[in-house]
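Asks: the amino acid sequence is not available; the structure is as follows:
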């Protein structure tokens, strides 16, 4: 009997996508032996207090940042969806499209620590194995992940090089005229400059 395909899902605002995102994707593909990895830019972020950069710009940057990585599928369903972007809706859609697949939801430790506040979070944990990038946020210990304490068998940890890069820091650097070449890929840096993104906070 053929083995069930192993499919990863990595969502985010990607405002902008940066080198730590890419390191996480490459680590997940390798450690989880994924057949495919959906990168899902957020549409309407119900949980973010600030207005996201236009979806068209974020999608273009995601394509520049990750489009060359084998087995990556840049998935626009949340950008195309009207209304708030809920992870559970996307997971259910994907599961219906690829019946019998094993699902792996990839996230940073900061996201994992807030998972119990997500819309239908228990359904997410039942549908997908939660794969947490641990070392990116050493201040968040595994004990801080309430969902993992409740469902330990549904969690995995990815060993990731400690890259202390955040989109917030990148936006701040650009607004203050500081370089970002070591934080984002060269094509993304060029796109940001060409479209005059993030010039004010």
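Replies: Arrived safely, thanks for sending. Bear in mind the structure is a predicted one, so any value in this text is a computation, not a measurement.
Asks: can you tell me what sits against stretch 37-54?
Replies: With contact meaning C-beta atoms under 8 Å, 6 or more residues apart in numbering, stretch 37-54 is reached by 7-16, 25, 28-29, 55, 58-59, 62, 66, 71-81, 83-86, 90, 94, 106, 117, 119, 197-198. The C-beta positions use only the backbone N, C-alpha and C, and glycine is treated the same way.
Asks: could you flag which of those are buried?
Replies: Buried residues within the contacts of stretch 37-54, counting neighbours by 16 or more other C-beta atoms under 10 Å: 7-16, 25, 28-29, 55, 58, 62, 66, 72, 74-75, 77-79, 85-86, 90, 94, 106, 197-198.
Asks: just the residues you listed: which are in strands?
Replies: 7-12, 72, 74, 106 (DSSP state E).
Asks: and the furthest pair within those?
Replies: For these, the maximum inter-member distance is 17.1 Å, found between 7 and 12 (C-beta to C-beta).
Asks: can you give the distance of the lowest-mean-pLDDT helix or strand in the chain from its chain's centre?
Replies: For the chain, the helix or strand with the lowest mean confidence is helix 109-113, at a mean of 89 (criterion: mean pLDDT, DSSP states H and E). In this view, helix 109-113 has its centroid 11 Å away from the chain centroid, taken as C-alpha atoms, centre = their mean, to the nearest Å.
Asks: which elements pack onto it?
Replies: On a contact count with 3 or more C-beta pairs under 8 Å, 6 or more residues apart in numbering; DSSP states H and E, helix 109-113 meets strand 129-133, helix 146-150.
Asks: if we go to 10 Å?
Replies: Helix 109-113 is packed against strand 102-108, strand 129-133, helix 146-150, strand 155-158, with contacts defined by 3 or more C-beta pairs under 10 Å, 6 or more residues apart in numbering; DSSP states H and E.
Asks: in TSV: the ones you listed, plus mean pLDDT and distance to residue 37.
Replies: As requested, those are exported to TSV (pLDDT from 0 to 100; distance: least, C-beta to C-beta, whole Å):
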stretch	mean pLDDT	distance to residue 37
strand 102-108	96	8
strand 129-133	94	11
helix 146-150	94	22
strand 155-158	94	12
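Asks: with distance to residue 172 added, can I get these in TSV?
Replies: Shown next, in TSV, are those (distance: least, C-beta to C-beta, whole Å):
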stretch	distance to residue 172
strand 102-108	19
strand 129-133	22
helix 146-150	30
strand 155-158	27
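Asks: and of the ones you listed, who's closest to residue 173?
Replies: When those are compared by C-beta to C-beta, strand 102-108 sits nearest residue 173, at 19.8 Å.
Asks: given that closest one, what are its sheet partners and their directions?
Replies: strand 6-12 (parallel), strand 129-133 (parallel) (DSSP bridges).
Asks: columns distance to residue 40 on top of those strands, output as a markdown table?
Replies: Formatted as a markdown table, the strands paired with strand 102-108 follow (distance: least, C-beta to C-beta, whole Å):
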| stretch | distance to residue 40 |
| --- | --- |
| strand 6-12 | 4 |
| strand 129-133 | 15 |
